[in-house]
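Asks: pasting a predicted model and its sequence here:
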Amino acid sequence: PAKVSLYKVNPTGDGINGAQFTVYTDAECTTPLTDENGETVIVFTDPDGFGISNPIKVSKDGTLTVFLKETAVEDTRVKLNPTVFEVKLIAGEITEANNGEVIVDDWKPSKLELYKLNENGDMLEGVTFGVYDDIECTSAAMDASGKPIVLVTNKDGYAISNDVYVNKDGTRKLFVKEIG
């Protein structure tokens with residue numbers, strides 16, 4: 001048997017947890033590879049972004065070419081990587097997908113800025129805002145480090161977030177609510 005491994009990170013180098021790469025027998029990714037129990041072979045990444053398959057049976061010549069494609073991810077901020085990775089497995093070895101290169105997600109960081117003024121146009125200090133992914137403001141939006149985004153205005157009524165990941169096109173819909 002052989003194994004395939006991979007490492008997926010965000011643009012700041014933090015591992016992407018819960019990414020699922022399905023292993024296929026064809027480059028079009030239409031026929032999933034199955035193990036001896038008839039289960040589809042899937043590589044799951046751990047909290048550090050590392051993933052390794054269960055043992056995969058190779059051909060009589062000791063090799064097997066497989067194709068990996070990201071098919072699911074737990075973190076809703078992560079977009080599925082459309083790349084199909086061709087991997088030639090060798091009996092008794094762990095072969096790294098993407099020729100051993102790290103798979104980097106294509107987010108790009110941005111910052112969220114706001115000002116708080118009263119009805120007279122005076123800047124307000126110490127006002128706290130929560131940032132959310134949903135209009136009901138029940139699902140806290142996370143910054144690039146995985147922490148909830150909370151903004152507090154300074155003496156100039158200004159607040160700026162840590163890095164926030166946005167989509168490749170530079171957009172991300174967020175909802176801001178004054179919480180204190």
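Replies: Received, thanks. Residues are numbered from 1 along each chain as shown.

Asks: for stretch 44-52, the averaged confidence score.
Replies: Taken as a whole, stretch 44-52 has a mean pLDDT of 94.

Asks: no no, stretch 173-180
Replies: Here the average pLDDT along stretch 173-180 is 93.

Asks: off-centre distance for that stretch?
Replies: Relative to the centre of its chain, stretch 173-180 is centred 23 Å away, using C-alpha atoms, centre = their mean, to the nearest Å.

Asks: ok, and for it, which residues are buried?
Replies: With burial defined by 16 or more other C-beta atoms under 10 Å, the residues of stretch 173-180 counted as buried are residue 176. Where C-beta positions appear, they are placed from N, C-alpha and C, glycine not excepted.

Asks: list the contacts of it.
Replies: Stretch 173-180 has contacts (C-beta atoms under 8 Å, 6 or more residues apart in numbering) with 112, 114, 116, 127-135, 137, 141, 149-151, 164.

Asks: could you turn the buried ones of those into a PyMOL selection?
Replies: Applying 16+ other C-beta under 10 Å to the contacts of stretch 173-180 leaves a buried subset, and the PyMOL line that selects it is:
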select buried, resi 112+116+127+129+130+131+132+133+141+149+150+151+164
